[in-house]
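Q: what's the 3D shape of this:
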Amino acid sequence: MKHVLWVTGAAAAAALGILFLADGIVEVAGYELLVLGVGGAAIWTLWQMAPERDEHLDPLIAGIGTSRSRRRPPQLTRVEWLVEFATSTSFDADYRLLPELRTIATERLKGKRGIELYADRGAARRVLGDEAWELLDPDREAQRVGKGIDWEKLDALVTAIERV
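A: Sure, this is the predicted structure:
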């Protein structure tokens, strides 16, 4: 690192001298060569400072970020965005997140309890609870404007679906 500082200082001094004495093309060309030399010296010094490659670590480094266990599934990212938007606006809650949760609740009710969400609304309401049913009710009127779902309500809704 000291080399870069010395070379840069010397080049700055030389550049100032050339600029003060410059009258023609020869001096400008000299200045350009000096700038290229400083750049080359800086790159060479940084190259020399770089650590040597450790060959036995190459397979480990090559695998970082590429294994399936380290990558985030795109479905998870999608659900995170759905939740984020649904807690911001009622439109996103009613037209994006709640239909997804309604589908999950329908599948769980049918698979685990033999209850059809749309056909047997009373039984579905008893299993899910009134608070969850308020949001999952297929006859619920969707909101186009307003604040989204509160985190507490969303947490209670997901817990109710998980309990099925």
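Q: When you work out contacts or count neighbours from here on, use the C-alpha atoms and nothing else.
A: Noted.
Q: State the phi and psi torsions of Thr89.
A: phi -130, psi 150 (degrees, to the nearest 10).
Q: so who does the nearest residue to it once chain neighbours are set aside touch?
A: Leaving aside its sequence neighbours, Thr89 sits nearest to Gly148 (C-alpha to C-alpha, 6 or more residues apart in numbering; 4.0 Å). Counting by C-alpha atoms under 8 Å, 6 or more residues apart in numbering, Gly148 touches Phe85, Ala86, Thr87, Ser88, Thr89, Ser90, Phe91, Asp92, Ala93.
Q: Make TSV from the residues you listed and add distance to Glu107 and neighbour count to it.
A: Formatted as TSV, the contacts of Gly148 follow (distance: C-alpha to C-alpha, whole Å; neighbours: other C-alpha atoms under 10 Å):
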residue	distance to Glu107	neighbour count
Phe85	24	18
Ala86	22	24
Thr87	24	19
Ser88	27	16
Thr89	26	17
Ser90	24	20
Phe91	24	19
Asp92	22	22
Ala93	20	26
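Q: Out of these, which is nearest to Ala105?
A: Nearest to Ala105, judged by C-alpha to C-alpha, of the contacts of Gly148 is Ala93 at 15.7 Å.
Q: nearest spatial neighbour of that closest one, skipping sequence neighbours?
A: In space, Ala93 is closest to Ala86, 4.0 Å off (C-alpha to C-alpha, 6+ apart).
Q: Would you mind confirming that the one you found makes contact with Lys153?
A: No: look at Ala86 against Lys153 with C-alpha atoms under 8 Å: they stay out of range, at 11.5 Å.
Q: So this protein: which segments form each domain?
A: 2-51, 74-163 (automatic domain parsing).
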